[in-house]
Structures are given as structure tokens and as C-alpha cells.
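# Generate coordinates for the sequence data below:
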Amino acid sequence: MRENLIKDQKTIAVFDDDPDLLDIFRFLLDEEGYHVVAFDNCDDIISKVREVKPMLILMDNWIPLVGGEKAIGQLRNEEDLKHIPVILISASNDVAEVSKRAGADGFIAKPFDFEIILNMVKKLLM
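Have a look, this model is predicted:
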């Protein structure tokens, strides 16, 4: 799903197929002054990211159709997008290894504490 972009606002793209988590990310990050654009799949991720122009991406590992690891790989293969920090989010036991293989800039294991997400977002955007 797409939302209107607010010019000059700090945008974060969130890719997660869990509507409750998307709501949580929106609320949490909106409170910190970020504009959240949420997607419930990573179909055509390249054009979605080019359209939104996020400063950071939160990516669920188990998102349809290709999954977070492959979606991050697609982003890393694009010269104009590979600089965007990506945080991989997963309930997988090997989230650290998947994150490393994918080329993510960080990872968060589910279940997670909201402060961990905020701290990692702030750290990657410094």
C-alpha cells in the first residue's frame, strides 16, 4: 500500500506482511518525526524504493513473494539504491547470518523491544 509522501520529511520504508506490525512501526516512527511508507510485500521492490526515496528501510525476512534476503540483494545490486541502510527483521534463529548474507546494515530479532528499533534507526541515520 502506498501513502502520500510529505516533501522534505524523513522517510522510512517498511516492508512487512503483518498489518499489526506495520501499525506499530508507523506509530513508533511517526512519534519520532519520521514519515513511514509501508508495503505488505516486496514485489517490484526496486521501483517502490525509487518512488519513495527512503532514508532507511526496515525489511521483514519472511515477506512475500521473494523474501527479505533476496529483496535486500536486489537493492544492493542497484547503484542508486545500494547506499540506503537496511535493517532486517526476523523471528528466524539465524537472523544474524541471514542479515550478513543479505548485506543488511543491521538486524533485529523478533520479538523485539521498541527501544532497540529506535536506537538502531537513529544509529544508522546519524
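
# who's in contact with residue 123?
residue 106 (Cβ atoms under 8 Å, 6 or more residues apart in numbering). All C-beta spots, glycine's among them, are computed from the backbone N, C-alpha and C.

# What residues of the helix or strand harbouring it count as buried?
Using DSSP states H and E, residue 123 sits in helix 114-124. Using 16 or more other Cβ atoms under 10 Å as the test for burial, helix 114-124 gives 117, 120, 121.

# and if you look at stretch 47-66?
Those would be 48, 49, 52, 54, 55, 56, 57, 58, 59, 60, 61, 63, for stretch 47-66 by 16+ other Cβ under 10 Å.

# tell me the contacts of the second one?
This means residue 49. Counted by Cβ under 8 Å, 6+ apart, residue 49 has contacts 13, 57, 75, 81, 84.

# Next: the last one.
Shown in contact with residue 63 (Cβ under 8 Å, 6+ apart): 15, 16, 17, 40, 41, 42, 71.

# ok, the fifth one to residue 18 distance?
What it means is residue 41. Look at residue 41 and residue 18: by Cβ to Cβ, to the nearest Å, they are 12 Å apart.

# what do you get for the fourth one?
Per Cβ to Cβ, residue 40 is found 8 Å from residue 18.

# before we move on, back to that, adding secondary structure, write the contacts of residue 49 out as CSV.
Formatted as CSV, the contacts of residue 49 follow (DSSP: H, G, I helix; E, B strand; the rest coil):
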residue, secondary structure
13, strand
57, strand
75, helix
81, coil
84, coil
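
# Scan the chain for its longest helix.
helix 19-31 (DSSP state H).

# who does the next helix or strand after that one pair up with?
Scanning forward in sequence from helix 19-31 by DSSP H and E, the next helix or strand is strand 35-39. When sheet partners are counted by DSSP bridges, strand 35-39 sits next to strand 11-15 (parallel).

# So which residues make contact with the partner strand?
5, 22, 25-26, 29, 34-42, 45, 48-49, 52-60, 63, 68, 71, 121.

# That one relative to helix 114-124, how many degrees between them?
Angle, strand 11-15 to helix 114-124, by axes from the mean of the first three to the mean of the last three Cα atoms, to 10 degrees: 130 degrees.
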